[in-house]
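>>> A structural model of the following input is requested.
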Amino acid sequence: MLLNSLLDRLKSWPLNVLPHHLVSRLVFRLTRIEGRLVPAVIRAFSKIYNVQLDEAVHPDPSHYRSFNEFFTRELNSDSRTIDQTANGIASPVDGCVSQLGPVEDGRLYQAKGINYALLDLLGGREEDARHFSRGHFATLYLSPRDYHRIHMPVTGRLTSMHYVPGRLYSVAPHTVRTVSGLFARNERVVCLFDTDAGKLAMVLVGAINVAAIETVWAGLITPPNGKRIIHHDYEEHLQLDKGAEMGRFNMGSTVILLVENSSGWAPALTEGSPVQLGNLIGEF
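Residues are numbered from 1 along each chain as shown. As a prediction, the model looks like this:
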């Protein structure tokens, strides 16, 4: 255990000195280069990370003009089924569970010995945090092999969106276990919704190489990175149905799902459990 902790810290240490945003902007440009080498890069990436190309609408690597087009690829409509259980919460992504549980004393559990403030995560507005003070959270990690579009876990009406500037630490498991308050320190986009069962928040967390976050209603939000928190409140509430796309990462990262009223997450879900878009993960 001590050796594993030491190895985690050694792997995470370089992130303290790297220019996070500069590196990420370079990756942003590289992944948008078009040319004859793009299909070969996609094939190599798919082989290394075991990407299931046959699930995509366009499984042929030569279809994609850039690596980012491939990375944000659309899936076949029959490759995922959205659970329709009454009051059910569907997984918004493909990935795995980093952590999940109740919000306790206004804090979320990150890893052994590490937690962080709900208020900080949501961008500092107490009226937002108050809704989830007795709620439940699920932190869902998307690896490079996963599908990187994000969908609605329930039908919801968009009420606000906040851009929160920050660092771009990796969100890989070894970093989550060592960097204190990582998710409340990284750049992120907080999206809040009204649902028939109460408030819902989806926090899209950026990371090194993953600093491009977009939503279906606002387009690309970052880059460029900002220097201050920006709040957007919507008088006309856009409704997004359960299973509808709400945003995407232009590389892999993490979604933190917060629900105001929940009977808890599915008993089978624990740290490290895989999740697939549309699967039932909890109930209101």
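>>> where along the stretch 51-200 of the chain do the strands fall?
Counting by DSSP state E, counting those that start in this stretch, the stretch 51-200 of the chain has strands at residues 88-90, 95-102, 107-111, 114-117, 136-141, 149-151, 156-164, 188-195, 198-205.
>>> Which helix or strand in the chain has the lowest average pLDDT?
helix 2-12 (a mean of 57; mean pLDDT, DSSP states H and E).
>>> Name the next helix or strand following it along the chain.
Remark: after helix 2-12, the chain's next helix or strand is helix 20-30, criterion DSSP states H and E.
>>> Please compute how far that next one lies from its chain's middle.
19 Å (C-alpha atoms, centre = their mean, to the nearest Å).
>>> Which strands and helices lie in contact with it?
On a contact count with 3 or more C-beta pairs under 8 Å, 6 or more residues apart in numbering; DSSP states H and E, helix 20-30 meets no helix or strand. All C-beta spots, glycine's among them, are computed from the backbone N, C-alpha and C.
>>> what's the next secondary structure element after it?
With DSSP H and E, the next secondary element past helix 20-30 is helix 38-49.
>>> Report the inter-axis angle for that following helix versus helix 20-30.
Computed with axes from the mean of the first three to the mean of the last three C-alpha atoms, to 10 degrees, the direction of helix 38-49 lies at 130 degrees from that of helix 20-30.
>>> Only the buried residues of helix 38-49, if you could.
38, 39, 41, 42, 45, 46 (16 or more other C-beta atoms under 10 Å).
>>> Would you mind extracting the C-alpha trace of it into CSV?
Extracted in CSV, the C-alpha atoms of helix 38-49 (Å, rounded to 0.1, in the frame of the first residue of the first chain):
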residue,chain,number,x,y,z
VAL,A,38,-5.0,10.8,-39.8
PRO,A,39,-6.4,7.3,-40.5
ALA,A,40,-3.1,5.6,-39.6
VAL,A,41,-3.1,7.5,-36.2
ILE,A,42,-6.7,6.5,-35.6
ARG,A,43,-6.0,2.9,-36.3
ALA,A,44,-2.9,2.9,-34.0
PHE,A,45,-4.8,4.6,-31.2
SER,A,46,-7.8,2.2,-31.6
LYS,A,47,-5.5,-0.8,-31.3
ILE,A,48,-3.6,0.5,-28.3
TYR,A,49,-6.8,1.4,-26.4
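>>> 26 is where my numbering starts, stick with that
Got it, first residue is 26 now, which makes that one helix 63-74.
>>> other SSEs contacting it?
Against helix 63-74 (3+ C-beta pairs under 8 Å, 6+ apart) you get helix 92-96.
>>> now the helix it packs on: mean pLDDT?
In this model, helix 92-96 carries a mean pLDDT of 93.
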